[in-house]
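# Task: produce atomic coordinates for the following.
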Amino acid sequence: MDQRRRSSNSSLWVFGYGSLCWHPGFEYDHSVTGFIRGYSRKFWQGNVTHRGVAGKPGRVATLVEDKDGIVWGRAFQLSGEAAIPYLNNRECVLGGYLTSINTFYPRLPDTDQTMEPFPALVYIATPSNCHWLGEAPLSEIATQIVSSSGPSGHNVEYLLRLAAFMREYIPEADDSHLFTLEFLVRTRIKDNNLCMKSLMGERASSPKSPERDVAPDDDDAQPAVREDTFEFTSRVPPKKLRCLNI
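Numbering: from 1, shown residues only. Just a heads-up that it's a prediction; the model follows:
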């Protein structure tokens, strides 16, 4: 029997549908793209510890029940004992998320049909948490994302890197909420002549983001650590973005 098939039945897997897709921040043995059923991804959760600050929260993704919905993302087979405390702090303590177990359906290449659906841990924010912002017109959500920034970086980076991940690695993913927000945010950035590199946390000496350099389904690849990502920034005050147009 294939090693991945055996391990999927005996190991703990976590399903990521937000920043975990492009920057998990923990060690894992394997990862695979795929989806869960019964939910839709919405930017209805507020965030004041990573992509916003108290009094001016950013907007990040959560899952909302939708009997016909499908949410694409990336599942990780956890390695060691450090991942769960890290995730509980990142998602539950600081993020306001709860945990659930859902069936994950792997997206398999045509040459590999051995990996069956398996249970995965999912972090879901609900209206009962103190950071919940809820539904709003997409135009208002886009404006809030463009104007929000926190210790882990700008809210724009969170949205655009997630959209880029879906488009590059799961091109069949149908997510009108995500891609409409991406269009509206890019339009606002262009109309207001904002600096995209600053919004995306890029620096002149390092034009490429390490997270985007890691292929999501490369089991041996581990994301490089950026100084403006979660590991470094839970205690760092937010920075104002400035950009000169030359």
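# Pull out the buried positions in stretch 151-171.
By neighbour count on 16 or more other C-beta atoms under 10 Å, the buried set for stretch 151-171 is 151-166, 169-170. All C-beta spots, glycine's among them, are computed from the backbone N, C-alpha and C.
# show me where this protein has helices.
According to DSSP state H, the chain carries its helices in the segments 3-10, 83-87, 138-146, 155-169, 176-191, 196-199, 230-233.
# of these, which approaches Y28 most closely?
Y28 lies closest to helix 83-87 among those, at 7.0 Å (C-beta to C-beta).
# Can you tell me what sits against the closest one?
Residues outside helix 83-87 that contact it (C-beta atoms under 8 Å, 6 or more residues apart in numbering): L12, V14, G25, F26, E27, Y28, F76, L78, Y123.
# List just the nearest of these to V64.
Closest approach to V64 among the contacts of helix 83-87 (C-beta to C-beta): Y123, at 13.7 Å.
# The closest one contacts N89, correct?
No: assessed by C-beta atoms under 8 Å, Y123 is found out of contact with N89, at 11.6 Å.
# just the strands in the protein please.
Secondary structure of the chain (DSSP state E): strands at 13-16, 28-47, 58-78, 98-106, 118-124, 149-150, 153-154.
# which one of the ones you listed is the most hemmed in?
Of all the strands of the chain, strand 153-154 carries the top mean neighbour count, a mean of 26, counting by mean count of other C-beta atoms under 10 Å.
# Tell me which strands that strand pairs with, and in which orientation.
Using DSSP bridges, the strands paired with strand 153-154 are strand 149-150 (antiparallel).
# Just give me how far the strand it pairs with sits from the chain centre.
Centroid separation for strand 149-150 versus its chain: 15 Å, with C-alpha atoms, centre = their mean, to the nearest Å.
# try stretch 15-30
Computed by C-alpha atoms, centre = their mean, the chain-centroid distance of stretch 15-30 equals 8 Å.
# Would you mind extracting the C-alpha trace of it into PDB?
Output in PDB follows, covering the C-alpha atoms of stretch 15-30 (Å, rounded to 0.1, in the frame of the first residue of the first chain):
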ATOM      1  CA  PHE A  15      -6.600  21.700   6.500                       C
ATOM      2  CA  GLY A  16      -5.500  25.300   5.600                       C
ATOM      3  CA  TYR A  17      -7.700  27.600   3.600                       C
ATOM      4  CA  GLY A  18      -6.200  31.000   4.400                       C
ATOM      5  CA  SER A  19      -2.600  32.000   5.200                       C
ATOM      6  CA  LEU A  20      -1.700  28.400   6.000                       C
ATOM      7  CA  CYS A  21      -1.900  27.600   2.300                       C
ATOM      8  CA  TRP A  22       1.200  29.800   1.500                       C
ATOM      9  CA  HIS A  23       2.800  30.100   4.900                       C
ATOM     10  CA  PRO A  24       2.100  27.200   7.300                       C
ATOM     11  CA  GLY A  25       4.900  28.200   9.800                       C
ATOM     12  CA  PHE A  26       5.300  24.700  11.200                       C
ATOM     13  CA  GLU A  27       7.000  21.400  10.200                       C
ATOM     14  CA  TYR A  28       5.000  18.800   8.300                       C
ATOM     15  CA  ASP A  29       5.700  15.500   6.700                       C
ATOM     16  CA  HIS A  30       3.600  15.800   3.600                       C
END
